[in-house]
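[1] Any chance you could fold what I've pasted below:
(one chain, ligands or ions: 2)
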Amino acid sequence: MILRLRSDADPHEQQKLVTVLRDYGLEVTVLAHGGVPVIGINGHGLPDAFAEDLARLPIVEAVVSIGKPYRLAARAVRPEGTVVQVDSVRIGEREPVVIAGPCTVESREQLIRTAEAVREAGATLLRGGAYKPRTSPYSFQGLGERGLELLAEARERTGLPIVTEVLDTEHVELVAQYADMLQIGSRNMMNFALLRKVAATGKPVLLKRGFAATVEEWLLAAEYLLAGGNDQVVLCERGVRGFDPATRFMLDLNAVPLVRQLSHLPVIVDPSHGTGLRELVPAMSLAAIAAGAHGLIVEVHVEPEAALVDGRQSIDPATLADIVRRVRAVRDVIEEPVMA
Ligand code: PEP
Ligand code: MN
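    Ligands and ions are numbered 1, 2, ... in the order given. Just a heads-up that it's a prediction; the model follows:
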């Protein structure tokens with residue numbers, strides 16, 4: 001059962017209600033950062049009369065009924081949408097967010113030069129992997145904690161908040177000490193222990209879609225984060241496995257308006273992994289925004305040809321500047337809401 005509270009609900013009344021519900025032995029989740037406060041009650045077979053009593057409480061705006069396996073992630077919980085705030089950057093509003101940076105932190109020079117260049121190009125968040133999920137155990141695995149230190153230095157120099165991937169439960173605390181937003185990679189979307197641990201940090205989360213995950217599985221992965229009390233969740237479509245090796249993945253832009261209809265969480269698109277080919281990144285960036293995405297995450301390298309990881313899909317900073325300019329132009333001509 002989900003209770004949507006009034007936006008002006010007194011926090012003391014809210015706390016009292018939560019305490020009473022917990023005293024009844026109910027499992028209760030409170031979501032309070034991304035919009036209207038919401039209380040999730042995880043209980044089966046609660047009597048109708050109980051819901052009716054709760055609906056009459058002055059701080060309760062509505063008891064929301066949801067006929068979906070995911071509940072807290074469902075659009076009906078916050079029809080107006082959730083806003084995720086990473087430092088001073090707000091994701092989920094009309095201004096598209098552009099997260100950019102290298103696939104992987106390779107060296108101090110590479111990262112700082114790229115960070116400064118993406119800031120100049122108009123990015124508002126910096127990405128970069130310190131722990132990399134590589135298909136082969138013999139491929140470069142990232143710089144680890146040294147990479148996190150370099151990201152912190154890049155943030156200091158540019159003022160850009162940092163987004164970086166956390167690969168396993170063992171590193172959650174360490175990565176959370178450095179990162180402004182924690183990325184859960186495609187290969188880890190269903191790592192439920194990791195989802196629970198990341199939720200508990202309270203940090204904003206970028207949840208990539210598993211490349212063989214259905215939209216419902218993706219939203220259920222988001223549900224783990226929400227059920228852990230963290231509503232600072234941004235969904236990221238990054239392409240699914242297709243039949244055609246002409247592109248690395250098949251960027252499922254259907255998922256963007258679909259997920260906006262199904263969920264209140266913001267959704268962004270990764271045209272770099274979604275295509276695997278840098279020539280396709282500008283077109284698919286614009287298409288993503290036209291489809292209603294709240295932003296992009298793009299791999300950028302000062303010397304794409306020399307990138308240690310994902311060079312073929314990395315663009316240079318000049319191309320990013322061009323994308324940022326054209327994304328704004330697309331944003332200006334599309335009307336909200338994008339879906340019918
Ligand atoms: C990445 O962002 O560099 C990455 C590994 O992405 P994904 O998890 O989507 O493959
Ligand atoms: Mn990559």
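[2] Residues of the stretch 1-150 of the chain that sit close to ligand 2?
    Selection of the stretch 1-150 of the chain residues close to ligand 2 by CB under 5 Å from the ion yields residue 103. Every C-beta, even on glycine, is put in place using the N, C-alpha and C of the backbone.
[3] What residue in the stretch 151-300 of the chain comes nearest to ligand 1?
    Residue of the stretch 151-300 of the chain nearest ligand 1, by CB to the nearest ligand atom: residue 185 (3.1 Å).
[4] Which residues are in contact with that residue?
    Neighbouring residues of residue 185 by CB atoms under 8 Å, 6 or more residues apart in numbering: 133, 165, 167, 208.
[5] ok, now with 6 Å
    133, 165, 208 (CB atoms under 6 Å, 6 or more residues apart in numbering).
[6] List the ones among those residues that fall in strands.
    Taking DSSP state E, the ones among the contacts of residue 185 that sit in strands are 165, 208.
[7] Can you lay out the contacts of residue 185 as TSV showing pLDDT and neighbour count?
    Formatted as TSV, the contacts of residue 185 follow (pLDDT from 0 to 100; neighbours: other CB atoms under 10 Å):
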residue	pLDDT	neighbour count
133	94	14
165	98	25
208	98	26
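[8] Intersect the contacts of residue 185 with the contacts of ligand 1.
    Restricting the contacts of residue 185 to those touching ligand 1 (CB under 6 Å from any ligand atom) yields 133, 208.
[9] ok, the contacts of residue 185 vs residue 5, which is closest?
    Of all those, residue 208 has the smallest distance to residue 5: 30.6 Å, by CB to CB.
[10] which residues does that closest one form a beta bridge with?
    When assigned by DSSP bridges, residue 208 has beta-bridge partners residue 236.
[11] per-residue confidence averaged over the top helix by length along the chain?
    Secondary structure of the chain per DSSP state H: the longest helix is helix 317-333. When pLDDT is averaged along helix 317-333, the result is 97.
[12] Give me the buried positions along that helix.
    Neighbour counts using 16 or more other CB atoms under 10 Å place 317, 319, 320, 321, 323, 324, 327 of helix 317-333 among the buried residues.
[13] Write out the residues of the stretch 101-250 of the chain neighbouring ligand 1.
    Near ligand 1, when you scan the stretch 101-250 of the chain using CB under 6 Å from any ligand atom, you find 103, 129, 133, 185, 186, 187, 208, 238.
[14] Contact partners for the third one?
    Yep, that's residue 133 we're talking about. Taking CB under 6 Å, 6+ apart as the test, what residue 133 contacts is 167, 185, 187.
[15] Might you quantify the distance of the strand or helix carrying residue 221 from its chain's geometric centre?
    Following DSSP states H and E, one finds residue 221 within helix 215-227. Mean-position distance between helix 215-227 and its chain equals 12 Å (CA atoms, centre = their mean, to the nearest Å).
[16] mind listing what's buried in that helix?
    For helix 215-227, by 16+ other CB under 10 Å, it's 215, 217, 218, 219, 220, 221, 222, 223, 224, 225, 226, 227.
[17] Roughly how far does the second one sit from residue 73?
    What that stands for is residue 217. 12 Å (CB to CB, to the nearest Å).
[18] can I get the buried residues of helix 215-227 in a markdown table with distance to ligand 2 and pLDDT?
    Below are these laid out as a markdown table (distance: CB to the ion, whole Å; pLDDT from 0 to 100):
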| residue | distance to ligand 2 | pLDDT |
| --- | --- | --- |
| 215 | 22 | 98 |
| 217 | 22 | 98 |
| 218 | 19 | 98 |
| 219 | 24 | 98 |
| 220 | 25 | 98 |
| 221 | 20 | 98 |
| 222 | 21 | 98 |
| 223 | 26 | 98 |
| 224 | 24 | 98 |
| 225 | 22 | 98 |
| 226 | 26 | 98 |
| 227 | 29 | 97 |
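[19] Can you lay out the residues of the stretch 101-250 of the chain next to ligand 1 as CSV showing secondary structure?
    Listed next are these as CSV, based on DSSP: H, G, I helix; E, B strand; the rest coil:
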residue, secondary structure
103, coil
129, strand
133, coil
185, coil
186, helix
187, helix
208, strand
238, coil
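[20] Based on its surroundings, how many neighbours for residue 45?
    4 (other CB atoms under 10 Å).
[21] how about it, phi and psi?
    Torsion angles at residue 45 (phi, psi; degrees, to the nearest 10) stand at phi 60, psi 30.
[22] could you check the distance from it over to ligand 2?
    46 Å (CB to the ion, to the nearest Å).
[23] where are the low-confidence patches of the chain?
    Residue ranges of the chain with pLDDT under 70: 337-340.
[24] Could you list every helix and strand that the helix holding residue 221 packs against?
    helix 192-201 (3 or more CB pairs under 6 Å, 6 or more residues apart in numbering; DSSP states H and E).
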